[in-house]
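A.B. asks: Return atomic coordinates for the entry below.
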Amino acid sequence: MPAVSKGDGMRGLAVFISDIRNCKSKEAEIKRINKELANIRSKFKGDKALDGYSKKKYVCKLLFIFLLGHDIDFGHMEAVNLLSSNKYTEKQIGYLFISVLVNSNSELIRLINNAIKNDLSSRNPTFMCLALHCIANVGSREMAEAFASEIPRILVAGDTMDSVKQSAALCLLRLYKTSPDLVLMGEWTSRVVHLLNDQHMGVVTAAISLITCLSQKNPDEFKTCVSLAVSRLSRIVSSASTDLQDYTYYFVPAPWLSCKLLRLLQCYPPPEDGAVKGRLVECLETILNKAQEPPKSKKVQHSNAKNAILFEAISLIIHYDSEPNLLVRACNQLGQFLQHRETNLRYLALESMCTLASSEFSHEAVKTHIETVINALKTERDVSVRQRAADLLYAMCDRSNAKQIVAEMLSYLETADYSIREEMVLKVAILAEKYAVDYSWYVDTILNLIRIAGDYVSEEVWYRVIQIVINRDDVQGYAAKTVFEALQAPACHENMVKVGGYILGEFGNLIAGDPRSSPLVQFNLLHSKFHLCSVPTRALLLSAYIKFINLFPETKATIQEVLRCDSQIRNSDVELQQRAVEYLKLSSIASTDVLATVLEEMPPFPERESSILAKLKKKKGPGAVSVTELEDSKREGGELNGGGDRGPDTAAMAASNASTPSPSADLLGIRSAAPVGAAPASAGSLLVDVFSEAGPIAPSAAVNDDGFLRFVCKNNGVLFENQLLQIGIKSEYRQNLGRMYLFYGNKTSVQFASFTTTVSCPGELQSHILSMHLCTKPVEPLVEGGAQIQQVLNIECLTDFSDAPLLNIKFRYGGALQNLTLKLPVTINKFFQPTEMTSSDFFQRWKQLSQPQQEAQKIFKANHSMDTEVLKAKLLGLGTALLDNVDPNPENYVCAGVIQTKGQQVGCLLRLEPNAQAQMYRLTLRCSKDSVSRRLCELLAEQF
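C.D. replies: Residues are numbered from 1 along each chain as shown. Next up, the predicted model:
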């Protein structure tokens, strides 16, 4: 870089900055800035032509004023004029101003492009670097169109200086990330790859970032880079720290370049060439050997650089998964880090070992560290490290150590952080089932799990234990005895009551011979929990009572008396009332043979994969549930409590589901997950809080829909937040079914009392055909300070709709009643199923949907950035399939999908035509139902 002469100090700028810093108030600062702006404006408009130094000084002042947060609406032309200067400092300030202030849609962009072209062709390396930096900083599509073909030529030219090559490589990388369709390497591919052999290490470092990005998108075109990368890595690894003096960082040769090379190799499978593979294995062994050597410096920078290379090497070893010796050595090296004093190293070691545990070559080596990992789970202070330790225990578990690991995880669960309890419960349940040889151990484990963390035991877990008990005769008596003993605890969780009611209702006769568990004792034990339970659990217990009458005729009079009491046959909940009346009548008029037939024992469930096995496949963190996970994990949802393939479903226990679930409903398990005894919503009240005794609330609070539109194209995020309350949302949809998780977080240190939530529906839905059916679980009435509670909503779409359900939240904070009403982000596009189509199929279907009422179109101004990747992400988030190479205009986007409702399927085609120059869109939707076209058009116009 040229030296800055003494006259370039710009004393006027220094004085102005000093004046701003000395201002005593905001008003004084604004007054001084306005005075300076007026002075600069008069200088620019004056008759006397300004010299380059003055222009530079005034443009610098404008730039400083802009960085203080004030708008600048003049001076752009003067900055552009500075680009034509032959002085470095003037040209530098011009480019800096343009990079920061000039919009990519500015009318000056053509003048700027011309100035950049002149500098790129000047062969002055300093000016070329300034121009390349400006292109990369602006990174607009217009810049890419103008220079995408020029920059590769500069990059591979033999006479280009090394500093310019570095800038050109990084500039091209920036343009490729913003406009990949415009950066076409083609003839330049092989020459760019051969930059890995460049003598200048800075050029190699810059080029490898570009090559890695290109390889991820087009691996076949750049596969020749593997051998060159191995060769370069070998030279670095085998070199001494003195060989690469300028690129040695605290005695570690070229650590950044080494990490980039190892990361590039992870884009490809192991080399097929034996010589290249042997050389790479030798490099990896050398890296592992160097990790064992004493450190050459006590500085943290040395260990960080050394460990960065080591972890990238281990990632590559894990990626290849083909070298047993390297995998075991990597595992042993990571094992040493498990007790390192640095928390980050322990975290990374646990994370990497989770992956190693899945390899057949290193699984046994990972198991040798079980005691260390268990100790980490118990003693680590950082919750994220404890979570990784739990993940590793789960990954290393097999039949030989399952009982030990499950016992340790159960022990830890009693004191585990609330943020990871749900995930821990799932892992314990999966391991207990997967490695259970003795199913009595499995029953003990699950009941213990419910006792320790009942609030975090999902319905899939207790459904599964019931399914296994019913299917295995050898464990039924033990399960009945164990659950009977568990229910005798003074305080037992409601999930335990559910399991107890179900199992004793089916198999209570197996333990009735013992006077301590006689039929009447069993009934009294269950009924002592009745008044403490929610409505769904009471419904299940009523079904258990009618089963008792069949199993134990001597209890008939006692149970009939319970069913006959006013609290049952006049219950305010219609489901409980109906069950009590019908069960009472059934027990009174039916003969013993008829009763035995109607209430016969549940037949075995068909053997299927556990509904919880897929629950952790894509779990990113506590509570993070993806749509894919939902599709995989709920396939037998309705089997365990009234669904599944069985004979005539006349058993009273199966009556807990009022209607037979449809095949589509079974995919999500919503029927099974819905509350036992949930009454169907009436046509007059579409969204009914079936757990609350309160009726629909009057809309006393104004509806807050600020966050509603943010969730049209996404399913997770924060729906609402103020100084008291944060409401997070996670939702997942499959066909016409959906499940929404609501998280209510108390941001204060004071308890929320009388916390209630009610889901209701606005006017149009009330008079509509039953368009949505929502079931909600009640929330705890007390929310402690700093605590978070969860609520689940199950959704079924019966026909298309336009309005959204409302969530009303009431609670008392400091004695004052808080009332809040929000729009829940349940929109018709959530029920999209993506449809792949060829170009001919798309346009054939497009022509078929040609009736005027089937099309909705809107031309609107862009509300957000017209970034290609952002647009694609939003269209995919909409739920449709994004079709490539369908529209003749490659700038346009076309999508196809089918909206799944229970009553019908609505086919939808979408075409989005962006005009980047005018910052406008034309959105066209054609659907087989006109109301859907209009609604989707309204929703999507706000998203782009």
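A.B. asks: got the contact list for the closest residue to Glu554 other than its chain neighbours?
C.D. replies: Among residues not flanking Glu554 along the chain, Pro519 sits closest, at 6.3 Å (Cβ to Cβ, 6 or more residues apart in numbering). Where you see a C-beta, it was placed from the backbone N, CA and C, and this is true even at glycine. Residues in contact with Pro519 (Cβ atoms under 8 Å, 6 or more residues apart in numbering) are Gly508, Ala512, Phe548, Leu551, Phe552, Glu554, Thr555.
A.B. asks: In three-state terms, how would Lys298 be classified?
C.D. replies: Using DSSP: H, G, I helix; E, B strand; the rest coil, the structure places Lys298 in coil.
A.B. asks: if we can go back for a sec, tell me the two of the contacts of Pro519 that are most distant?
C.D. replies: Distance extremes for those: the farthest pair is Gly508 and Glu554 at 12.7 Å, using Cβ to Cβ.
A.B. asks: Which of those two has more residues huddled nearby?
C.D. replies: Just comparing Gly508 and Glu554: by other Cβ atoms under 10 Å the higher neighbour count belongs to Gly508, 26 against 12.
A.B. asks: quick one: the helices in the stretch 151-300 of the chain?
C.D. replies: Secondary structure of the stretch 151-300 of the chain (DSSP state H, counting those that start in this stretch): helices at 162-178, 189-193, 201-217, 225-237, 255-265, 274-292, 300-320.
A.B. asks: want to throw the ones you listed into CSV with distance to Val598, mean neighbour count and mean pLDDT?
C.D. replies: CSV is the format used below for the helices of the stretch 151-300 of the chain (distance: least, Cβ to Cβ, whole Å; neighbours: other Cβ atoms under 10 Å; pLDDT from 0 to 100):
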stretch, distance to Val598, mean neighbour count, mean pLDDT
helix 162-178, 67, 22, 92
helix 189-193, 75, 18, 89
helix 201-217, 63, 21, 92
helix 225-237, 70, 22, 92
helix 255-265, 66, 22, 93
helix 274-292, 69, 16, 91
helix 300-320, 58, 20, 91
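A.B. asks: Just tell me which of the ones you listed ends up closest to Val906.
C.D. replies: Here helix 201-217 is closest among those (Cβ to Cβ), at 34.9 Å.
A.B. asks: What is that closest one packed up against?
C.D. replies: Here helix 201-217 touches helix 162-178, helix 189-193, helix 225-237, helix 255-265, going by 3 or more Cβ pairs under 8 Å, 6 or more residues apart in numbering; DSSP states H and E.
A.B. asks: hmm, 6 Å instead?
C.D. replies: helix 162-178, helix 255-265 (3 or more Cβ pairs under 6 Å, 6 or more residues apart in numbering; DSSP states H and E).
A.B. asks: Could you report the neighbour count for the residue lying closest to Ala254 once chain neighbours are set aside?
C.D. replies: Excluding its sequence neighbours, the residue lying closest to Ala254 (Cβ to Cβ, 6+ apart) is Tyr247, at 4.5 Å. Neighbour count for Tyr247, taken as other Cβ under 10 Å: 20.
A.B. asks: Contacts only, for Leu782.
C.D. replies: With contact set as Cβ atoms under 6 Å, 6 or more residues apart in numbering, Leu782 has no partners.
A.B. asks: Look up how far Ile789 lies from it.
C.D. replies: 9 Å (Cβ to Cβ, to the nearest Å).
A.B. asks: Please look at Ala486 and Leu447 and confirm they touch.
C.D. replies: Yes - with contacts defined as Cβ atoms under 6 Å, Ala486 counts as touching Leu447 at a distance of 5.4 Å.
A.B. asks: okay, these two: which has more neighbours?
C.D. replies: Counted by other Cβ under 10 Å, Ala486 and Leu447 do not tie: Leu447 has more neighbours, with 22 against 19.
A.B. asks: any idea which helix or strand comes after the one helix or strand the more buried one maps to?
C.D. replies: Following DSSP states H and E, one finds Leu447 within helix 439-453. Tracing the chain past helix 439-453, the next element assigned as helix or strand by DSSP H and E is helix 459-471.
A.B. asks: I'd like to know which elements the following helix or strand past that next one is packed against.
C.D. replies: Downstream of helix 459-471, the first helix or strand assigned by DSSP H and E is helix 473-487. The contact analysis (3+ Cβ pairs under 6 Å, 6+ apart) places helix 473-487 against helix 439-453, helix 459-471, helix 494-507.
A.B. asks: Recalculate using a threshold of 10 Å.
C.D. replies: When contacts are defined as 3 or more Cβ pairs under 10 Å, 6 or more residues apart in numbering; DSSP states H and E, helix 473-487 packs onto helix 439-453, helix 459-471, helix 494-507, helix 519-528.
A.B. asks: quick check: angle from that helix to helix 459-471?
C.D. replies: Helix 473-487 and helix 459-471 are oriented at 130 degrees to each other (axes from the mean of the first three to the mean of the last three Cα atoms, to 10 degrees).
A.B. asks: buried stuff in helix 473-487?
C.D. replies: For helix 473-487, a neighbour-count test (16 or more other Cβ atoms under 10 Å) marks Val475, Gln476, Tyr478, Ala479, Ala480, Lys481, Thr482, Val483, Phe484, Ala486, Leu487 as buried.
A.B. asks: now stretch 56-69
C.D. replies: Lys56, Lys57, Tyr58, Val59, Cys60, Lys61, Leu62, Leu63, Phe64, Ile65.
A.B. asks: which element is the second one on?
C.D. replies: So the one you mean is Lys57. Counting by DSSP H and E, Lys57 is found in helix 52-67.
A.B. asks: got a list of contacts for whichever helix or strand comes after that helix?
C.D. replies: Next in sequence after helix 52-67, counting helices and strands by DSSP H and E, comes helix 76-82. Residues outside helix 76-82 that contact it (Cβ atoms under 10 Å, 6 or more residues apart in numbering): 40, 43-44, 50, 52, 54-56, 58-60, 62-63, 89-98, 100-103, 106-109, 111-112, 114-115.
A.B. asks: Pull out the buried residues from the residues you listed.
C.D. replies: By 16+ other Cβ under 10 Å, the contacts of helix 76-82 give 40, 44, 52, 54-56, 58-60, 62-63, 89-98, 101-102, 106, 109, 111-112, 115 as buried.
A.B. asks: what's near enough to touch Met396?
C.D. replies: 353-354, 356-358, 363-370, 373, 405.
A.B. asks: Figure out which of the helices of the stretch 151-300 of the chain is closest to Ser400.
C.D. replies: Judging the helices of the stretch 151-300 of the chain by Cβ to Cβ, what sits closest to Ser400 is helix 300-320, at 23.1 Å.
A.B. asks: which helices and strands does the following helix or strand past that closest one pack with?
C.D. replies: Once the chain leaves helix 300-320, the next helix or strand it forms, by DSSP H and E, is helix 324-337. Where contact means 3+ Cβ pairs under 10 Å, 6+ apart, helix 324-337 is packed against helix 274-292, helix 300-320, helix 343-356, helix 363-367.
A.B. asks: tell me the angle the third one makes with helix 324-337.
C.D. replies: To tie it back to what came earlier, the one meant is helix 343-356. Using the same axes, to 10 degrees: helix 343-356 against helix 324-337 is 150 degrees.
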